[in-house]
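1. I'll drop the sequence and a predicted model, then ask my questions.
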Amino acid sequence: MTTPATASSLFASLTGHDPEGLWSAPGRVNLIGEHTDYNDGFVLPFAIPQRTVAAVGRRDDDRIRVVSTFADEPVEVALDGLDDLFPTPAGEEPRVPEWAAYPLGVAWALRGTGVVGSGLDIAIASDVPVGAGLSSSAAIEGATASALNDLWAAGLDRTALARIGRKAENDAVGAPTGIMDQMASMLGEPDAAIFLDCRSLDAVPVPVGILEAGLAVLVIDTRVAHAHSTGGYRERRASCELGARMLGAESLRDVSVDDLDRARDLLDDVTFRRVRHVVTENQRVLDTVRTLREQGARAIGDLLVASHASMRDDFEISVPELDTAVDAAIGAGAIGARMTGGGFGGAAIALIERDEEGAVTEAVRAAFASSGFTPPVVFTVIPSAGAHRDS
Ligand code: ADP
Ligand code: MG
């Protein structure tokens with residue numbers, strides 16, 4: 001069954017009738033620009049073909065009920081009760097099952113902007129791999145936010161809906177992530193990456209021409225699950241904030257590559273390396289956008305490789321499986337490769353000649369096998385459309 005059909009039939013078995021409509025939003029990969037979003041910097045993600053679908057219908061009472069193919073039980077609360085659930089205090093678990101905090105958090109965040117509306121039934125199905133760094137979280141937020149925007153006649157634009165999704169993720173789930181994933185999922189376009197300034201939220205589509213150039217983007221899902229609401233992600237954020245404060249900058253966006261010598265004198269070694277990653281990564285995003293426009297995708301390989309090295313050595317968010325994926329892909333002739341997403345697990349991407357897909361995939365599989373790692377899931381993606389109503 002297709003994902004929309006699965007969402008529809010899940011809705012029908014929950015309610016006994018058809019949904020009013022289907023809304024969907026994609027996962028994303030990030031071509032380059034990692035951990036720069038919450039530093040007011042630059043990112044270059046694109047939406048992928050895998051999507052999360054929400055089948056939704058209004059109720060004639062004030063209750064909201066959510067169900068997902070990923071969960072055993074529906075979760076039901078009164079709309080007025082959402083304010084008792086959220087925000088989830090920092091470091092605590094949500095008071096509903098974590099998955100339900102995403103769609104319920106979106107409803108809560110929308111109501112927080114003054115939007116009012118009836119109760120809802122929401123059934124969710126997805127073919128975005130969950131917890132793989134491909135942003136199934138932004139996909140579930142984007143699908144839900146799009147549905148509620150229509151059914152509650154909220155009239156918000158895509159950027160405002162991305163902010164609603166981020167608020168759900170930050171304050172209802174308790175994951176201190178930036179805005180990149182939600183913006184990519186809301187604003188994605190076929191054959192374009194989205195060049196996003198995370199300070200102004202200006203988003204410019206940059207054509208990548210992957211298909212015309214005979215290239216492909218391979219995703220290597222290491223199947224090492226990551227969790228952003230815990231540990232390392234929070235620590236990296238704190239280091240960035242400390243670095244910016246010590247350098248007298250509002251955020252690391254305002255620190256340039258030329259400031260790094262001064263930063264080295266002022267900061268302890270760990271904070272300096274965290275700062276150096278963010279500062280050089282921002283520059284790499286700008287360089288990648290320029291290179292794509294002037295020379296095309298085949299010319300961005302070195303920037304991807306440099307980005308991975310910076311995340312591995314300076315930001316220290318890679319894991320052996322991600323390094324193995326990147327090294328094996330490059331060794332088998334990939335143009336460039338890097339881990340994508342927040343790190344500590346998840347997926348890597350490799351930019352390859354399309355006719356080398358088999359060879360690169362084989363090399364990655366062999367490298368995982370000889371290291372004794374769980375076999376990776378490997379597939380190609382193309383830049384795809386953002387959130388929309390399906391029917
Ligand atoms: P990623 O966004 O990289 O996939 P996250 O940890 O940010 O990883 O988000 C994954 C979490 O999002 C899951 O553990 C689950 O709580 C929630 N989630 C994502 N998709 C679904 C879905 N279709 N149904 C229910 N929960 C989902
Ligand atoms: Mg996520």
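-> Arrived safely. Ligands and ions are numbered 1, 2, ... in the order given.
2. Excluding chain neighbours, what is closest to residue 75?
-> residue 100 (4.0 Å; C-beta to C-beta, 6 or more residues apart in numbering). In short, each C-beta sits where N, CA and C put it, glycine included.
3. and that neighbour, what element?
-> Taking DSSP states H and E as the criterion, residue 100 maps to helix 98-112.
4. quick check, that helix touching ligand 2?
-> No - Helix 98-112 stays clear of ligand 2 (C-beta under 5 Å from the ion), getting no nearer than 9.3 Å.
5. What residues sit buried inside that helix?
-> Neighbour counts using 16 or more other C-beta atoms under 10 Å place 98-111 of helix 98-112 among the buried residues.
6. would JSON lines of these with distance to ligand 1 and pLDDT be doable?
-> Below are the buried residues of helix 98-112 laid out as JSON lines (distance: C-beta to the nearest ligand atom, whole Å; pLDDT from 0 to 100):
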{"residue": "98", "distance to ligand 1": "5", "pLDDT": "96"}
{"residue": "99", "distance to ligand 1": "3", "pLDDT": "97"}
{"residue": "100", "distance to ligand 1": "8", "pLDDT": "98"}
{"residue": "101", "distance to ligand 1": "8", "pLDDT": "98"}
{"residue": "102", "distance to ligand 1": "5", "pLDDT": "98"}
{"residue": "103", "distance to ligand 1": "8", "pLDDT": "98"}
{"residue": "104", "distance to ligand 1": "11", "pLDDT": "98"}
{"residue": "105", "distance to ligand 1": "11", "pLDDT": "98"}
{"residue": "106", "distance to ligand 1": "12", "pLDDT": "98"}
{"residue": "107", "distance to ligand 1": "15", "pLDDT": "98"}
{"residue": "108", "distance to ligand 1": "16", "pLDDT": "98"}
{"residue": "109", "distance to ligand 1": "16", "pLDDT": "98"}
{"residue": "110", "distance to ligand 1": "18", "pLDDT": "98"}
{"residue": "111", "distance to ligand 1": "21", "pLDDT": "98"}
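7. and those as JSON lines, adding distance to residue 138?
-> Formatted as JSON lines, the buried residues of helix 98-112 follow (distance: C-beta to C-beta, whole Å):
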{"residue": "98", "distance to residue 138": "15"}
{"residue": "99", "distance to residue 138": "14"}
{"residue": "100", "distance to residue 138": "16"}
{"residue": "101", "distance to residue 138": "14"}
{"residue": "102", "distance to residue 138": "9"}
{"residue": "103", "distance to residue 138": "13"}
{"residue": "104", "distance to residue 138": "16"}
{"residue": "105", "distance to residue 138": "12"}
{"residue": "106", "distance to residue 138": "11"}
{"residue": "107", "distance to residue 138": "16"}
{"residue": "108", "distance to residue 138": "17"}
{"residue": "109", "distance to residue 138": "14"}
{"residue": "110", "distance to residue 138": "16"}
{"residue": "111", "distance to residue 138": "20"}
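8. so which of those comes closest to residue 288?
-> residue 102 (30.2 Å; C-beta to C-beta).
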